[in-house]
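Visitor: this is a predicted model, with the sequence first.
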Amino acid sequence: MRRGCSGCDPRAVRVIIDTDPAMGSKGGDPEDSFAILLALNSPEVEVVGITVVQGNVPVDHGYPNALHLLELVGRSDLPVLAGVELPMNPSRKKQIEGLERRREMPRLVPRREPAPGDPHAVDFLIQSVLENPGEITLVTIGPLTNVATALTRAPEIATKVAGLVAMAGAATVPGNVTPSAEFNVWADPEAADVVFRAGLPLTMVGLDVCEQTHLRLETIERATQGESALARFVAEAVTPWMEFRQRAGGEADLHLYDSLAVATAFRPDFVRVEDCRVAIETQGRLTQGETVTLRGLLLKTSRHEPNARVALAVDAEGFEAFFCERVIDPIVGS
């Protein structure tokens with residue numbers, strides 16, 4: 001029997017989800033929380049804990065948001081740990097100013113802080129991996145600050161983690177926060193650089209595949225018409241985000257960025273990956289946060305070895321059906 005897990009399926013993939021959940025902060029991106037629900041509703045997965053990082057919202061928003069979601073689905077038994085509050089490089093002015101603006105977002109859930117004596121997210125990551133060598137898969141669906149800090153403090157976890165699946169980057173398509181960069185990498189390029197150079201078994205699930213997935217507006221509306229506390233919370237949280245996107249000229253549908261990354265940890269058949277060499281641009285004036293990717297002939301003729309498996313194709317239709325079965329249908333039926 002696994003340590004601390006009574007009745008768990010021994011074949012289940014054991015994951016720690018490192019996340020910046022904004023569902024619960026009015027106008028915040030709700031998709032991290034859908035990804036958490038996907039993991040919780042999947043018998044193929046054992047969620048060991050949830051660590052919260054700065055990103056979509058500051059940690060002091062993301063932490064109570066995660067706790068509230070778990071309470072709504074009856075999973076308050078899961079550890080939730082607050083993590084690093086700022087990017088690793090204190091001179092990242094744009095990123096830090098963005099966090100400060102988002103700190104003023106109205107809250108849909110009560111403000112809560114970790115109890116005295118609660119471990120820090122970074123300590124939890126290190127301890128969990130070292131005590132369970134070869135068993136823990138890290139799934140990062142926010143900036144990589146927590147994981148990079150853990151690797152800096154305890155480099156040996158790179159050889160003891162089962163793997164890392166990161167919703168991060170863009171290999172062959174433009175970015176979504178700048179022409180060059182995807183948000184999670186742009187939010188802390190130095191952290192991404194540490195992680196991609198650490199030598200751990202890494203799968204990058206980036207914009208190449210994530211932006212081919214869709215959560216249709218009509219599907220969202222169906223999920224928000226239920227009578228349960230969870231359905232009401234989803235409605236209250238998702239509607240402001242959809243209105244913000246539409247005011248900004250965005251698509252009516254959402255992309256399932258984080259949910260696809262979570263699914264890849266236990267259903268890798270949804271994506272096709274290719275061995276690549278990924279480097280993070282940390283110095284470029286216009287390209288900070290770019291995931292510079294060598295693949296194919298460029299990789300073969302370079303002197304570099306692959307450091308990541310990069311998702312380049314996705315069964316979007318199959319994944320969307322799977323997502324609705326595991327996330328939307330339970331919300332509707334709850």
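Guide: Right, received. Where do you want to start? Numbering: from 1, shown residues only.
Visitor: and the longest helix belonging to the chain, what other elements does it pack with?
Guide: Selection of the longest helix in the chain by residue count, based on DSSP state H, yields helix 229-247. With contacts defined as 3 or more C-beta pairs under 8 Å, 6 or more residues apart in numbering; DSSP states H and E, helix 229-247 has these neighbours: helix 59-72, helix 217-223, helix 329-333. Where C-beta positions appear, they are placed from N, C-alpha and C, glycine not excepted.
Visitor: nearest residue to the residue most central in space within the chain other than its sequence neighbours?
Guide: Centroid check for the chain by C-alpha atoms, centre = their mean gives residue 141 as the closest residue, at 0.9 Å. Using C-beta to C-beta, 6 or more residues apart in numbering and skipping the chain neighbours, the partner closest in space to residue 141 is residue 258 (3.8 Å).
Visitor: the one you found reaches residue 168, doesn't it?
Guide: No - here residue 258 does not reach residue 168: they are 10.7 Å apart, not a contact under C-beta atoms under 8 Å.
Visitor: and the two? Which one has more around it.
Guide: Under the neighbour definition other C-beta atoms under 10 Å, residue 258 and residue 168 were set side by side, and residue 168 has more, 33 against 30.
Visitor: wait, the more buried one touches residue 184, no?
Guide: Yes - Residue 168 sits in contact with residue 184 when judged by C-beta under 8 Å, with a separation of 4.9 Å.
Visitor: returning to that earlier point: the residue nearest to residue 141 sits in which helix or strand?
Guide: Element membership of residue 258 [criterion: DSSP states H and E] is helix 257-266.
Visitor: may I see the buried residues of the next helix or strand after that helix?
Guide: Going down the chain from helix 257-266, the next helix or strand is strand 271-280, by DSSP H and E. Judged by neighbour count using 16 or more other C-beta atoms under 10 Å, the buried positions of strand 271-280 are 271, 273, 274, 276, 277, 278, 279, 280.
Visitor: distance-wise, check the last one relative to residue 191.
Guide: When distances are taken as C-beta to C-beta, to the nearest Å, residue 280 and residue 191 turn out to be 9 Å apart.
Visitor: assumed residue 46 was part of a strand.
Guide: Yes - the assignment for residue 46, made by DSSP: H, G, I helix; E, B strand; the rest coil, places it in a strand.
Visitor: mind checking how far it is from residue 128?
Guide: Residue 46 sits at a distance of 12 Å from residue 128 (criterion: C-beta to C-beta).
Visitor: cool, residue 195 as well?
Guide: When C-beta to C-beta is applied, the distance between residue 195 and residue 128 equals 17 Å.
Visitor: more neighbours, these two?
Guide: Taking residue 195 and residue 128 together and counting by other C-beta under 10 Å, residue 195 has the greater number of neighbours (27 against 23).
Visitor: in what helix or strand does that one lie?
Guide: With secondary structure defined by DSSP H and E, residue 195 is part of helix 189-196.
Visitor: could you export that helix as PDB, CA atoms only?
Guide: What follows is helix 189-196 as a C-alpha-only set of coordinates in PDB (Å, rounded to 0.1, in the frame of the first residue of the first chain):
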ATOM      1  CA  PRO A 189      11.400  33.000 -17.600                       C
ATOM      2  CA  GLU A 190      14.200  32.400 -15.200                       C
ATOM      3  CA  ALA A 191      12.100  29.700 -13.500                       C
ATOM      4  CA  ALA A 192      11.400  28.000 -16.800                       C
ATOM      5  CA  ASP A 193      15.100  28.100 -17.700                       C
ATOM      6  CA  VAL A 194      16.000  26.300 -14.400                       C
ATOM      7  CA  VAL A 195      13.400  23.600 -15.100                       C
ATOM      8  CA  PHE A 196      14.200  23.000 -18.700                       C
END
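Visitor: quick one: distance of it to the chain centre.
Guide: Relative to its chain's centre, helix 189-196 lies at 15 Å (C-alpha atoms, centre = their mean, to the nearest Å).
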